[in-house]
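Student: Predicted model, plus sequence, below.
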Amino acid sequence: MTQTEEKTQAPDTPMVPIEKIVSLCKRRGFVYPNSEIYGGVSGIYDFGPLGVELRNNIRRYWWWSMVQTNDNVVGIEGSIITHPRVWLMMETYIGVVEGERMKTYLRGEACQNIYLDYDNVLKSSRTQIPFGICQIGKAFRNEVTPGNFLFRQREFEQWDLQFFVHPSEMQKWFDYWKQFRFEWYKGIINHKDRLRFRAHGPDELAHYAKQAFDIEYQTVLGWQEWEGIHWRQDWDLSRHSQFSGQDLSYTDPETKERYIPWIVETSGGVDRTFLNLLLDAYEEEPDPTGKESRTVLRLHPWLAPVKVAVLPLQKNKEELVTTAKDIHKKLRRLMVSQYDDIANIGRRYRRQDEIGTPFCVTVDFQTLDDKTVTVRERDHMTQVRLAIDELPMYLLERVMWK
Ligand code: ATP
C-alpha cells in the first residue's frame, strides 16, 4: 500500500508514445540497439553522436549542481568490479591463469563504492560531517523483464549522493535533499504537473528506514520512479564495519563524540533522465509558416545536444558560405555548433527543431552589408537581428547553466 503525498492534476496535453521516441532516437542518432547487426541484446543500448552529447550534458549538469556548487559535497569515481564480499549480482572473472582466476561481480548499484571509499575521502579531503559524496557510474542488473526502451535496462547508469550526518540532524538533511532533488528535476522539465513525490508505505520501507520517497514522473508508462530519496540510517557503514573489521565510526573534532554517521541517499538514473527528458520535450505541432507539421524537442537549452546551428541562406553564394563557416568556427570553441547548408532554410530549421537545437543563426545578404545575422529561437520561432560580435555573449547567456 502506498500513499501519494502531493496530488497533481492529470495533464491535458497528450502523452508521447515511447515508439515515437525510439524512432527519433534511431533516425537522428541518439540511441541504437546494442549489437544490432547480430540481432541485438534485449535491455542493452548504445548512444549515438547526439545521444552522447545529451547524456554528457545531463551528467555534467548533475555534477555541477550537486558537487561543484555545494561546498560540503565531493565526488568520486569507483570501479565497476569489486571484491566478491561486496556484490551478489553479475559474475565475471579476473586473472589470466586458468584455475587461479578470481570470481568477481559487476555492481548492481553504484552506491557501494561510496561506502567503501568513505573513510579514504574523510582522511584525504578535509571534509567534516555533515558532508556528502557523489558518484555517477554504471550498474548492471539481470532484470527479468527489461523493456520500455531505456526505462529498464540490464546495463545502465546511476547517480547517487550519500550525505553523512549526525543522527540528531537526520530529519533536517533528509527534508533538505528531498526538496533539493525535486526542484532539480522540476527545473529541467516542461510538464511540471507530471512530477510528484510518492511516499513509501510501511510494507515497502527497509527495517532501518523511518521514511522514503520516490520522485515520480508521469508518462505513457504511468507514474514511475525517477529517483529515490532514502533514509539509510547507520545501516551501510555499520555493516561494512562489521564485515570488513575496519572501524568506520567518526569522531567529532570539537566535541570528541564518536558515532557511526547516518546517511541520506538520493539515487537516480542517467538513462531514465534521458528518456523522461525526451518524453517531456517531444512535441508535434502544425507549422504556421507551412503545410507540414514540425517535430520539436523542447529540451532545456542547458541540456540540448547542439546549442546553435549556423546556416548560410544559400549554398551557392560563396560570401555567405565563408561568413557562416567563420561564425561557426568561432562559436564551436564555446559550445556545440553545427554548420548546415543542405536543403532550403525551412527544412534546415525543422531538422534542428527535431533534435532540440535552441538557436539557429542565419547568414543572409544583409549580413554582408552590415555584419548582422538573424537568430531564430526554437520554441516560438521568433527572430532577432544581432551584430555578429554580440552573438557569443547572447548565446552563452542562454545556454550556460546558472
Ligand atoms: P525500479 O523500482 O524502477 O525497479 P529501483 O527501486 O530498483 O527501481 P534503485 O535501486 O533505487 O531503483 O535505483 C536508483 C535509480 O536507478 C532508479 O530511480 C532509476 O532511475 C534507476 N534504475 C534502476 N533500475 C534501472 C534499470 N534497470 N534501467 C534503468 N534505470 C534504472
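Tutor: On my side now, so go ahead. Numbering: from 1, shown residues only.

Student: Surely Lys315 touches Ile342?
Tutor: Yes: counting by Cβ atoms under 8 Å, Ile342 is a contact partner of Lys315 at 7.5 Å. C-beta coordinates here come from the backbone N, C-alpha and C atoms, glycine included.

Student: Of those two, which one has the most company?
Tutor: Shown here are Lys315 and Ile342; by other Cβ atoms under 10 Å, Lys315 has more neighbours (15 against 9).

Student: Secondary structure of the more buried one: a strand, I assume?
Tutor: No: read with DSSP: H, G, I helix; E, B strand; the rest coil, Lys315 is coil and lies in no strand.

Student: what's it in contact with, if anything?
Tutor: Contact partners of Lys315, counting by Cβ atoms under 8 Å, 6 or more residues apart in numbering, are Val321, Asp341, Ile342.

Student: again, but for Leu275
Tutor: Residues in contact with Leu275 (Cβ under 8 Å, 6+ apart) are Ile21, Phe149, Leu150, Phe151.

Student: Just the element for it, please.
Tutor: Take DSSP states H and E as the rule and Leu275 turns out to sit in helix 270-281.

Student: isn't Val165 right up against Tyr259?
Tutor: No: with contacts counted by Cβ under 8 Å, Val165 stays clear of Tyr259, the gap being 10.3 Å.

Student: more crowded one of the two?
Tutor: It is Val165, of Val165 and Tyr259, that has more neighbours when counted by other Cβ under 10 Å, with 20 against 14.

Student: Tell me the bridge partners for the more buried one.
Tutor: On the basis of DSSP bridges, Val165 is bridged to Trp262.

Student: Relative to the ligand, how far out is it?
Tutor: In this view, Val165 and the ligand are 20 Å apart by Cβ to the nearest ligand atom, to the nearest Å.

Student: Can you name the residues that contact that residue?
Tutor: Ile129, Pro130, Trp173, Pro261, Trp262, Ile263, Val264.

Student: How about the backbone phi and psi for the second one?
Tutor: So that's Pro130. In terms of degrees, to the nearest 10, the main-chain angles of Pro130 are phi -90, psi 140.

Student: so it sits right up against Pro167, yeah?
Tutor: No: counting by Cβ under 8 Å, Pro130 does not reach Pro167; the two are 11.3 Å apart.

Student: the more surrounded of the two?
Tutor: Using other Cβ under 10 Å as the criterion, Pro130 and Pro167 rank with Pro130 on top: 19 against 12.
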